[in-house]
Each structure stands twice: as C-alpha cells, then as structure tokens.
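> Would you be able to build a 3D model of this:
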Amino acid sequence: MKHRSLFFIASVLMVCTAIQAQDSIQTRKLTKTVNGSVETFNVRLSDEKIWHGPFTCSYNNELLIAGSYDNDRLDGEWKYYYPGKKLKAVALYSKGRYVKSLGAYYPDGTKECDDSIAGKKEFVRIYTDKSKLNKEIIYFNGIRIRETVYYPASGKIKTISSKDDPDTSFTRTTHFYENGGIRSILLLKNSNPYTGEACFDPSGKPLDQGNLKDGIGLLKTYQDTAVVFPESNVTYQNGKKNGEAVYFQANGKSGMKGFFVNDLYQGKWTYYALDGKVDHQSTYDTTSRIIGTPSLLPASRNDLTGDLMPDFPGGTKALYRFLAENIKYPTMESENGIQGTVYIGFEVFPDGFLDNLKVLKSVKGGPGLEKEALRVIKKMPPWVPAIVEGKPVKVQYFLPVKFVMR
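Sure, this is the predicted structure:
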C-alpha cells in the first residue's frame, strides 16, 4: 500500500462497513483534504504511516470510498460508488486478501456480477448492461479452472477455457463460431500462447494456424466473422512475443505492424488507417516507452469488454473541468508559443489511488508542459476503480493533456 501516499492520483469509488474489532491496537483519526477530496482514516499511534481502521473518501461532498484497513491491508467490505451515490461494486477482503465480490452494477443499476461459493469452488457470473449472461467462471481454492464466455444475443457458447488440473500451468481454450462450429483450439502456458492445436473457418474447413509449438513459432488467428478475416500474426519465442507481429483491423486490412522483444514493443511500428494506407509511425525504446504518437486505432486497443473501466469522479465532464481549473500554462512555453498534447500513463489501484506515473509522449521543446501535466494529475482526487469480473483491479490508464494557447 505504499502508493497510498499519493492521494492526488486516485481513481476509485469504495465504501465499507466496520472491520473486526482490533482493540489492542491504538489509533487516532486523521482528515486530509486534497483538491476537493476529503479523506478520513485512522493511523496507528506507533506509526502514522500504517493505516488501521475505518477509511472514507469523498469528492465534492459525495462519498466515493468507505472501507477499513487492518495494519495497512484492505479488510472487510469495501463499497464503490458512481456519482449520485449509485452503487458500483461491493468487495469483501480479509487482511489484504480478496475474498469475493458481493455485487457489481452498471450505472443504470442493472447487475454486472454475482458470486457464490460452495465448498472449495467459487462461481462467478458476469452480465452485460442489457442483463444478458456474458461469462461464467469457476474457481477452485482461488484458482480459475474454467471460464465460459457467451454470445450475449444468442446465449450460445463463444469460448471455453479450462484446466485439466487446478495445479497445472496449462489452460486449453476453445473458441466457437456463433453457429456452434469450432473456430480454434489453443493451448496456453501461464496465460501465454504455447501450442496451436486446430483452426477452422465457419464451414469447418481447416485454416492455417501457423506453426506455434511448445512456445516457439508463428501463431495466426482469425476474426469471429462469417467472412474469414485475419486477426493477428505474431511470432513467439519461449512463450513470449519475439519477432514480427501484424494486427489486422475489422475489415481485414493491416492495423499495426512492428516487432516485439520479450513481449515489449521495440523499434518502429507502423499504424494504418481503415483504408489500409499508412496513418503514422511510432518508435519505441527498449522499455517499450512510446517515443512517437500513441495509436488509437481499433487494432491496438486493449478494452476490458463487458467490465467497468475506471472513471474520474463525476465523469468525463468533471475531468475536463478539473484540468481546465488546475492547469497553469508554463511561462517559458507560453512566451515561446509552444503548445501540444502530453500523454501521461499511470496505474489506477483497487483502493482508488494512482501510482507509477510516467510520460508516454511529450511536446518537443516544451519540458514545462510535461512537468505541469504530471503536477496536475498528481493533484487529482480518487477515481472510480476498474471492476473486472466483480473485482476491483489495478489497471493501466493513459490520459492526454492538451495545452493550447488562447
């Protein structure tokens, strides 16, 4: 929980009930106000850096988070809210260990998730915002042993991922077309593609899946469409992306093309428009840091489909208002007419705090813009956290901060 010292960059909505009594630990209450957010929490008398007991966070007089800590670890129920006191999710923790979801909801109040436990097995169901069943997941002693994904419109099975043995690192994933035919069968090791076992078109005719075997070789995948369109061609070495990779757009034309080294983007990547023509190129350093413009093409997006993404409290309009009210144009850049967009990446944690800020793209000749963007994001109040399968999770997020002379 060391990131918790960065109040300013939090992105969560949590609320909680009282935790188990810890009478032997002496605490005192503190209240801190950071740019519109008010955080109230207890600290141990012996060490003010250790949080223990009830915690709440509000923004513009609306409760975002309420929970409890047990010696710096999340404990008991935590509730997360949308603006207007609408419940987003309730999660149960035990001394820092996530136990289960107690419910997650879409902004309109419809259920996103429910959870039940029978013996050593936990059953989780995920729904779309139209109340259609999206996923069913089975855990055994906290290990996912089976996941079934459905086509929401028809209710037919789209994907089945299962382990033969809960202790194995291997998972076999079978993808289906909506007509019931098998699209592909892929063996994964530690969630990474390991061996391509079969691939078919909608009529059942075999397709070229590449030569990936034992974590080495080329894997070809195809889109879930009636007309056969490629999805990606990626080369692997030792179970990781190593070598040339091509990702295709929904119309079958190239979307992005470049090279990986140990799962990291390396060197020059080319991005294409929907008509297949080159849109732009980006260059990545050895740490996969973007030197060029981040791509927003469909082929490069990593959406958490069906899950609840993190939000600035109050929504997008509130975010824009916060940036407008807090950004101060740096003097040097203002005097020299330097403007542009700075892209800042950060992680949104389950308890709502942000951490690991880094500049993904800056403006040439404008170091002050980069510093100002970081300063303002560090002042932000807690966000609403991402909820994946009913569980608050840490996700990576990037935010473009635009500087324009007026």
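
> hey, let's count contacts and neighbours off CA atoms from now on
Noted.

> Residue 318 sits in which helix or strand?
helix 316-326 (DSSP states H and E).

> Would you indicate which residues of the next helix or strand after that helix are buried?
Counting by DSSP H and E, the element after helix 316-326 in chain order, helix or strand, is helix 331-335. Of all the residues in helix 331-335, those buried under the rule 16 or more other C-alpha atoms under 10 Å are 333, 334.

> quick one: low-confidence parts of the stretch 251-400 of the chain?
288-306 (pLDDT under 70).

> Look up how far residue 255 lies from the residue nearest to residue 270 when sequence neighbours are not counted.
Closest residue to residue 270 apart from its sequence neighbours, by C-alpha to C-alpha, 6 or more residues apart in numbering: residue 281 at 4.4 Å. According to C-alpha to C-alpha, to the nearest Å, residue 281 stands 12 Å off from residue 255.

> which one of the two has more residues nearby?
Counted by other C-alpha atoms under 10 Å, residue 281 and residue 255 do not tie: residue 255 has more neighbours, with 28 against 17.

> What helix or strand is that one located in?
Applying DSSP H and E, one finds residue 255 within strand 254-261.

> Could you please name the strands the following helix or strand past that strand pairs with and the direction of each pair?
Downstream of strand 254-261, the next assigned helix or strand under DSSP H and E is strand 264-272. Within its sheet, strand 264-272 is paired with strand 254-261 (antiparallel), strand 278-284 (antiparallel), according to DSSP bridges.

> out of these, deepest packed?
strand 254-261 (a mean of 22; mean count of other C-alpha atoms under 10 Å).

> which stretches of the stretch 151-300 of the chain form helices?
For the stretch 151-300 of the chain, applying DSSP state H, counting those that start in this stretch gives no helices.

> the strands in it, which residues?
For the stretch 151-300 of the chain, the strands defined by DSSP state E, counting those that start in this stretch occupy 157-162, 170-176, 182-189, 192-199, 217-222, 230-237, 240-248, 254-261, 264-272, 278-284.

> Distance to residue 320 added to the ones you listed, as TSV?
Shown next, in TSV, are the strands of the stretch 151-300 of the chain (distance: least, C-alpha to C-alpha, whole Å):
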stretch	distance to residue 320
strand 157-162	38
strand 170-176	40
strand 182-189	42
strand 192-199	38
strand 217-222	39
strand 230-237	35
strand 240-248	32
strand 254-261	30
strand 264-272	28
strand 278-284	27
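
> Any chance of CSV for the strands paired with strand 264-272, columns distance to residue 167?
Formatted as CSV, the strands paired with strand 264-272 follow (distance: least, C-alpha to C-alpha, whole Å):
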stretch, distance to residue 167
strand 254-261, 29
strand 278-284, 37
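
> anything in contact with each of residue 281 and residue 255?
residue 271 (C-alpha atoms under 8 Å, 6 or more residues apart in numbering).

> rewinding a little: closest to residue 366 out of the strands of the stretch 151-300 of the chain?
Closest approach to residue 366 among those (C-alpha to C-alpha): strand 278-284, 19.5 Å.

> re the thing from before, okay but the residue nearest to residue 270 is in contact with residue 269, surely?
Yes - between residue 281 and residue 269 there is a contact under C-alpha atoms under 8 Å: 5.6 Å.

> now for stretch 218-226, what's the gap between its first and last residues?
With C-alpha to C-alpha, one end of stretch 218-226 sits 24 Å from the other.

> Buried residues in stretch 390-406, which are they?
For stretch 390-406, using 16+ other C-alpha under 10 Å, the buried residues are 390, 391, 392, 393, 394, 395, 401, 403.

> Next, the contact list for the fourth one, please.
I take that to be residue 393. 349, 350, 385, 386, 387.

> how near is the first one to residue 309?
Right, the one you point to is residue 349. 12 Å.

> Need the residues touching each of the two.
residue 385.

> Residue 365 versus the residue of the chain positioned farthest from its centre, what's the distance?
Using C-alpha atoms, centre = their mean, the residue of the chain lying farthest from its centre is residue 335. It sits 38.8 Å away. With the distance defined as C-alpha to C-alpha, residue 335 ends up 12 Å from residue 365.

> before we move on, what about residue 336?
For residue 336, the distance to residue 365 - C-alpha to C-alpha - is 10 Å.

> repeat for residue 241
35 Å.

> now residue 57
39 Å.

> between the two, which one's more packed in?
residue 57 (26 against 12).

> Quickly find the element holding the more buried one.
strand 47-59.

> CA atoms only for that strand - export them in CSV, please.
These are the backbone C-alpha positions of strand 47-59, laid out as CSV (Å, rounded to 0.1, in the frame of the first residue of the first chain):
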residue,chain,number,x,y,z
ASP,A,47,3.5,4.5,13.2
GLU,A,48,1.4,7.1,11.4
LYS,A,49,2.3,5.6,8.0
ILE,A,50,0.3,2.5,8.9
TRP,A,51,-3.4,2.8,8.3
HIS,A,52,-5.7,0.8,10.6
GLY,A,53,-9.4,1.0,10.9
PRO,A,54,-12.2,2.9,9.0
PHE,A,55,-11.4,4.8,5.9
THR,A,56,-13.6,7.1,3.8
CYS,A,57,-13.0,9.4,0.8
SER,A,58,-15.4,12.0,-0.6
TYR,A,59,-15.2,14.4,-3.5
